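Below are the sequence and a predicted model for it; my questions follow.
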Amino acid sequence: MEENNRKRTKEWQQEEAHLRECRSLIAKNIGEYELQLEERRRETKALFDAVQSGNVELYDQMMTSKSLEEHSFNQLAKNQAAYERPFFGRIDYRNLDERLFESIYIGKHGVLRDKINVEVVDWRAPIATVYYENELGEGSYEIPDSGADEPEKGREYRIDLTLKRTYDIENGVLQGFYDSDVAANDELLVKYLSKNRDAVLGDIIATIQKEQNEIIRESPFHNVIVQGVAGSGKTTVAIHRISYIMYNYKERFTSNEFCIVGGSDILIDYITGGLPELDVYDVKHMRMDELLAHLLHREWRKKYRIEAASPDYAWKSKMLFANELESHLARLRSRILGGCEVADEDLGMLLSRKNNEDFVNDAPQYSINRLLVTLDERLRSRIRLKCQGREEIGICRRKLQQYKNYFSAHCYQGSAVGLYLEFLEIYGKTYYIDVTRVSERIRRGVFDVYDVAAVLLIYYRVLQKKPDDEFGQIFIDEAQDFGPIVYYALRTVLPDCFFTIMGDVSQNVNYECGMNEWNDMTQKIFCGGRDSFRILAKSYRNTIEISEFAGEILGSASRGAYKIEPVIRHGEPVRFVESISTEEAVGSSAEMIAEMQEKGYETIAVICFSGEQKEEVSKRLGKLVALTDTQKSGFSKGVVVLTVAETKGLEFDCVILWKPDLKGYRDNPKLAKLLYVAATRALHELLVLS
């Protein structure tokens, strides 16, 4: 025992010395980069002034200087961010292929000792996966080929891992370190999870678990669907995956090819707020309805608007509706393009029926109009070929004029919305559905997200002029809130884009329209060799007490399909406060909010189960408590009053549930899902006004 204590003391002294040395290096780097940045800014400004004065030959030199200035700024920012906590992990291993022993420190930000030597390895580097996934002993890691479409072609290295250590460092002071076969043992993980929301987000890189890391580092050339229980880190995994891909595949993807998609502005604000800390900038972000409308380009008119989907028209969200629409469009395609052949009395057969059919069948990604235009191009090329060597003067010109717009004259000239209205009428008659009210809304320019998805499919199949290559990576959070047709449309119109889709069918608040199971997604839409389905069952958000309360509800919400595996972190029991009148409930809420703020909680939510409840509670409670206006400020610290749907994907230090139905949910999966979502928003304390 005494020998172990001496060994531990010596290791502690060595680690403290290394931490001081590392911080000293970072301080030195900060000073150098500050001077370098100042110098490069002066140089860039001088060159800019010269170019503005007419010395345009200096433009390239100015752009190079600007690039160097950005490099200095980024390096300065990384070193400044790393100073208080330079690293969180360490791995010691022997490289079995090159017979070298290495000891590597891993941090949130990479730190350079000089131009070639790395002091702290960035967590996104390929070698860092050893820290997150490998156990002690022999194993391997892979360096992917970032420029290839198949990163599996990268090189694999065999290693023998002898040490995996996790550090607890606060404000530049070593608090402790832990050696284990898992990256972050429960002691350190629970310590981080016990902090407030912002602190948890800041520490999460040090505590990424193996199953999360596998999703983060999954090939960017794969589509990934993740079913994760509440608090399993879906959103965190998604933004870290963005950071990982941008770091390792910068030659293949640029930042403006990435898009984050959510169901509400407050959710998107919450997600994007953590991106700069992960060295991610200039990433697009849109609500789902905005993305679908964006992909319609000029087909989407300014006078159109999108409203919430009605459960009465849930049939529009299903795969049956998408399949029937595709069949209708296939018949239209066959009618317009089938049986086309062109034979000229002077030149003979120009384009045979077989030739045209083969071309059309081999280009399923071409719209009808694009095919017609392309057939005209092929016809012109064929005429020129047939006219070669002929002596007749001007025959080629005459024939080109004769067959001008031979196919493209048949291009559809109407709108995608017009075609959609025609299809609705046919669909209604086929399935004995009254589509009158839907059609009337469409004619007034009012759509729901499923109408827009259907119109987008029509646009892609009939009208699109060129492929849409704007997006390379799309990340969707709270995916279960939208029905399958939305994903079918996106997958169809963006065949070269890769998707990371995060959701929990137990949290589907749009019960009739959204997804209550993943079957359509995994068996009909994302079912190829590059599509994978992952499950995150462990919840890191809630205390044991909150998880147990939520677990009872989950049994009704998912019918036992997915269960919570909570991290062992105890807290206060779920508190039930009985109140008879609204006045009593408001008074109790104000008292509880004051109590929570006194404890140091920074984010508190009062969650209501209807819009009417929210409006009344906001009005009454606002007279007693300073409420945060989420419409103006997005997700921020303070006290907010929200409906369940508005809290999707968010988490708060403390949550007050406003008069939930604690009995009815047992036989009502729709109500159970709402209650499950509301209860699992709480990190530390859950209070129920019953």
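Here it is on my side, so go on. Numbers count the residues shown, from 1 in each chain.

all contacts plus neighbour counts: C-alpha atoms, from now on.
Noted.

Look at Asp168 and say how many residues are nearby.
Close neighbours of Asp168, defined as other CA atoms under 10 Å, add up to 20.

Could you do Gly503 as well?
Gly503 has 25 nearby residues by other CA under 10 Å.

Over to it: give its phi and psi.
phi -170, psi 180 (degrees, to the nearest 10).

can you check Ala363 too?
phi -130, psi 60.

any idea how far it is from Glu651?
Separation of Ala363 from Glu651 (CA to CA, to the nearest Å): 46 Å.

Neighbour count: those two, which is higher?
Between Ala363 and Glu651, counting by other CA under 10 Å, Glu651 is the more crowded of the two (22 against 10).

which ones are touching the more buried one?
197, 680-683 (CA atoms under 8 Å, 6 or more residues apart in numbering).

want to throw those residues into a markdown table with neighbour count and distance to Gly233?
A markdown table is the format used below for the contacts of Glu651 (neighbours: other CA atoms under 10 Å; distance: CA to CA, whole Å):
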| residue | neighbour count | distance to Gly233 |
| --- | --- | --- |
| Arg197 | 20 | 13 |
| Thr680 | 27 | 12 |
| Arg681 | 28 | 12 |
| Ala682 | 26 | 14 |
| Leu683 | 25 | 12 |
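
For those residues, name the two members farthest from one another.
Arg197 and Thr680 (13.8 Å; CA to CA).

So what's the predicted local confidence for Gln631?
On the pLDDT scale, Gln631 is placed at 64.

any idea of the mean pLDDT for whichever strand or helix holds His18?
Per DSSP states H and E: His18 is located in helix 2-52. The average pLDDT within helix 2-52 is 92.

got it, and stretch 670-687?
Mean pLDDT, stretch 670-687: 91.

Same check on stretch 250-266?
The average pLDDT within stretch 250-266 is 92.

for that stretch, the distance to its chain's centre please.
Chain-centre distance of stretch 250-266: 7 Å, with CA atoms, centre = their mean, to the nearest Å.

The stretch 351-500 of the chain: helices as residue ranges?
Taking DSSP state H, counting those that start in this stretch as the criterion, the stretch 351-500 of the chain carries its helices at 353-361, 368-387, 395-402, 416-431, 436-443, 449-458, 484-493.

Now tell me what touches stretch 260-267 from outside.
268, 283-289, 291, 474-479, 481, 630, 634-635, 646-650.

Show me where the stretch 551-690 of the chain dips below the pLDDT cut-off.
557-561, 630-636 (pLDDT under 70).

residue nearest the centroid of the protein?
The centre of the chain sits closest to Phe475, judged by CA atoms, centre = their mean, with a distance of 2.3 Å.

Tell me what that residue is bridged to.
Residues in a beta bridge with Phe475, per DSSP bridges, are Ile260, Thr500.

Now do it, the pLDDT please.
97.

Tell me who's in contact with it.
Counting by CA under 8 Å, 6+ apart, Phe475 has contacts 238, 258-261, 499-502.

now do Ser547
Contacts of Ser547 (CA under 8 Å, 6+ apart): 564, 566, 680.

Might one say that the second one is in contact with Glu545?
No. Look at Pro566 against Glu545 with CA atoms under 8 Å: they stay out of range, at 9.8 Å.

and Ile159, how many neighbours?
Ile159, neighbours per other CA under 10 Å, totals 23.

how near is it to Arg99?
Distance of Ile159 to Arg99, computed by CA to CA: 9 Å.

sorry, back to before: kindly compare burial across the helices of the stretch 351-500 of the chain and name the winner.
Of all the helices of the stretch 351-500 of the chain, helix 449-458 carries the top mean neighbour count, a mean of 26, counting by mean count of other CA atoms under 10 Å.

so how far is it from its chain's centroid?
21 Å.

Buried residues, stretch 495-508. List them.
496-508 (16 or more other CA atoms under 10 Å).

Only alpha carbons, please: show it as PDB.
Below are the C-alpha coordinates for stretch 495-508, written out as PDB (Å, rounded to 0.1, in the frame of the first residue of the first chain):
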ATOM      1  CA  PRO A 495     -29.200  11.500 -53.900                       C
ATOM      2  CA  ASP A 496     -25.600  12.600 -53.400                       C
ATOM      3  CA  CYS A 497     -26.100  14.100 -50.000                       C
ATOM      4  CA  PHE A 498     -25.500  12.100 -46.700                       C
ATOM      5  CA  PHE A 499     -27.800  12.300 -43.700                       C
ATOM      6  CA  THR A 500     -27.300  12.000 -40.000                       C
ATOM      7  CA  ILE A 501     -30.800  11.600 -38.500                       C
ATOM      8  CA  MET A 502     -31.300  11.800 -34.800                       C
ATOM      9  CA  GLY A 503     -34.600  11.000 -33.000                       C
ATOM     10  CA  ASP A 504     -36.600   9.000 -30.500                       C
ATOM     11  CA  VAL A 505     -39.900   7.600 -31.500                       C
ATOM     12  CA  SER A 506     -41.000   7.600 -27.800                       C
ATOM     13  CA  GLN A 507     -40.900  11.400 -28.000                       C
ATOM     14  CA  ASN A 508     -43.100  11.900 -31.100                       C
END
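
what comes into contact with stretch 349-369?
Against stretch 349-369 from outside (CA under 8 Å, 6+ apart): 333, 336-344, 371, 375, 379, 382-383, 408, 411-412, 460-465.
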